[in-house]
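*Asks:* quick one: sequence and predicted model below, then my questions.
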Amino acid sequence: MLYYLYERFADDYQIFNLFRYLTFRTGGAVMTSLLISFLFGPSLIRWMRRKQGRGQPIRQDGPQGHIIEKAGTPTMGGVLILLSMSIAILLWAQLYNTYVQVVLGVTLAFGLLGFLDDYLKVTRQNSGGVPGSLKLLFQFVVAISAGFIMMTQLGADAEALRAKAALAQSLGERPPVVPPLGIESGVPVPVFKELIIPLGIMFPLFVGIVIVGASNTVNLTDGLDGLATVPVMIAAATYALIAYLVGNAIFAGYLGVPYVPGAGEMAVICGAIIGAGLGFLWFNAPPAAIFMGDTGSLALGGAIGAIAVAAKHEIVLAIVGGLFVLEGLSVMIQIASFKLFGKRVFRMAPIHHHFEHLGWKESTIVIRFWIIAVILALIGLATLKLR
């Protein structure tokens with residue numbers, strides 16, 4: 001919204017030129033979402049405590065310390081995250097940008113699903129919530145729709161730029177940078193400069209797998225205080241840089257990564273996620289005053305997945321979000337092993353609970369997992385230069 005101040009008043013008042021710069025608006029999004037979290041956090045937590053009574057139901061088969069220490073803690077803290085980041089995005093992003101609209105739509109849709117799931121768990125005081133099949137169906141419908149819209153938008157932008165490039169060449173002028181052929185329905189492979197896996201009409205389904213997978217693995221990671229929040233912020237910071245680079249024709253050309261017109265606005269959304277995450281972490285730091293619940297974890301995971309698609313760095317998400325992949329794989333391996341062989345590979349899944357059963361303190365697990373997330377993010381960023 002504030003971007004319109006630049007378009008409307010920049011010619012008359014030079015100060016409004018600040019809103020032109022992506023870095024300035026990204027910083028503004030960080031600070032706005034952080035301040036909103038600080039302002040509304042305490043009152044929201046008090047209201048949640050009054051409304052939820054006994055708070056989030058704790059898994060009876062989980063670590064016994066959780067039943068004692070975490071019982072009665074209110075959930076649905078994701079409402080605070082969604083509120084702060086949504087306001088920041090609406091204020092600082094280009095609202096007519098298709099990628100902004102799609103990513104925000106995915107985030108709010110997944111947040112609404114998570115809110116319903118949390119509400120049913122709290123009111124029924126069990127871990128049932130929304131049936132898993134219905135959750136997956138809803139997530140895939142939203143994610144596949146998002147994939148189709150982003151594919152169509154990038155295809156239209158690429159075609160328009162190619163037409164401009166052809167006209168410029170015919171006039172003897174310098175042509176603009178254009179996205180690679182087939183990029184709209186293809187998946188660029190990291191490290192290889194020009195290798196794009198063509199998916200065609202199957203691309204929206206691939207997007208569905210990426211976004212739904214990211215959403216649910218972040219949800220699985222959210223089992224200890226701060227365990228999911230900081231890795232999500234690390235991933236957001238990583239993709240803020242990636243989006244800024246791929247959305248800039250000069251930087252994209254220098255690095256040899258696909259140029260994606262308009263994808264730079266994802267940096268503003270990443271900034272809003274970082275600020276909202278920092279604000280929530282203030283109240284979620286051990287001992288947590290509130291849990292984000294599925295309201296926050298499903299929304300944040302969906303947002304990161306959608307941003308990765310918009311920036312055309314879907315495969316890199318498996319590296320940057322490797323911690324989430326590890327958590328998801330641990331659950332899949334545990335289930336498969338038990339069904340096929342009647343044995344468990346881990347003492348408990350997701351894997352962070354395995355380490356709890358080995359005697360690791362919660363703070364030790366959380367900090368070490370944060371370190372792993374930083375290392376993986378650096379490896380993911382390294383793929384930008386390794387071409």
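*Replies:* Yep, that arrived. No experiment lies behind these values; they were computed from the predicted model shown.

*Asks:* let me know the next secondary structure element after the worst-scoring helix or strand of the chain on mean pLDDT.
*Replies:* Ranking every helix and strand in the chain by mean pLDDT, DSSP states H and E puts helix 64-69 at the bottom, with a mean of 53. Once the chain leaves helix 64-69, the next helix or strand it forms, by DSSP states H and E, is helix 78-92.

*Asks:* so for Asp225, what's the pLDDT?
*Replies:* Listed pLDDT for Asp225 reads 86.

*Asks:* I'd assumed Val366 was in contact with it.
*Replies:* Yes - here Asp225 reaches Val366: they are 6.9 Å apart, a contact under Cβ atoms under 8 Å. (C-beta placed from N, C-alpha, C; glycine too.)

*Asks:* and the nearest residue to Gly293 once chain neighbours are set aside, how far from Pro190?
*Replies:* Of all residues not flanking Gly293 in the chain, Thr75 sits nearest, at 3.8 Å (Cβ to Cβ, 6 or more residues apart in numbering). Distance from Thr75 to Pro190, counting by Cβ to Cβ, to the nearest Å: 37 Å.

*Asks:* check Gln169 too.
*Replies:* Distance, Gln169 to Pro190, using Cβ to Cβ: 31 Å.

*Asks:* same check on Arg46?
*Replies:* Using Cβ to Cβ, Arg46 is found at 46 Å from Pro190.

*Asks:* swap in Ala249?
*Replies:* 20 Å.

*Asks:* same check on Glu173?
*Replies:* When distance is defined by Cβ to Cβ, Glu173 is 33 Å away from Pro190.

*Asks:* and these two? which has more neighbours close in?
*Replies:* Pro190 (18 against 11; other Cβ atoms under 10 Å).

*Asks:* where's that one, which helix or strand?
*Replies:* Per DSSP H and E, Pro190 falls between elements, in no helix or strand.

*Asks:* for it, give me phi and psi.
*Replies:* When read as degrees, to the nearest 10, the backbone of Pro190 gives phi -60, psi 150.

*Asks:* can you read off the pLDDT for the closest residue in space to it that isn't next to it in sequence?
*Replies:* Leaving out its chain neighbours, the residue that sits closest to Pro190 by Cβ to Cβ, 6+ apart is Thr383, at 3.9 Å. Note for Thr383: predicted pLDDT of 91.

*Asks:* now for Thr383: which residues touch it?
*Replies:* Contacts here follow Cβ atoms under 8 Å, 6 or more residues apart in numbering; on that basis Thr383 touches Pro190, Val191, Val316, Ile319.

*Asks:* least confident of these?
*Replies:* Val191 (86).

*Asks:* burial of that residue, as a residue count?
*Replies:* Using other Cβ under 10 Å, Val191 has 12 other residues around it.

*Asks:* any idea which helix is longest in this protein?
*Replies:* helix 132-170 (DSSP state H).

*Asks:* now the end-to-end length of stretch 1-20.
*Replies:* End-to-end distance for stretch 1-20: 12 Å, by Cα to Cα, to the nearest Å.

*Asks:* check stretch 175-188 too.
*Replies:* This stretch, stretch 175-188, spans 23 Å end to end (Cα to Cα).

*Asks:* what's the pLDDT at Val177?
*Replies:* Value for Val177, per-residue pLDDT: 82.

*Asks:* doesn't it fall inside a strand?
*Replies:* No - looking at Val177 with DSSP: H, G, I helix; E, B strand; the rest coil, it is coil, so not inside a strand.
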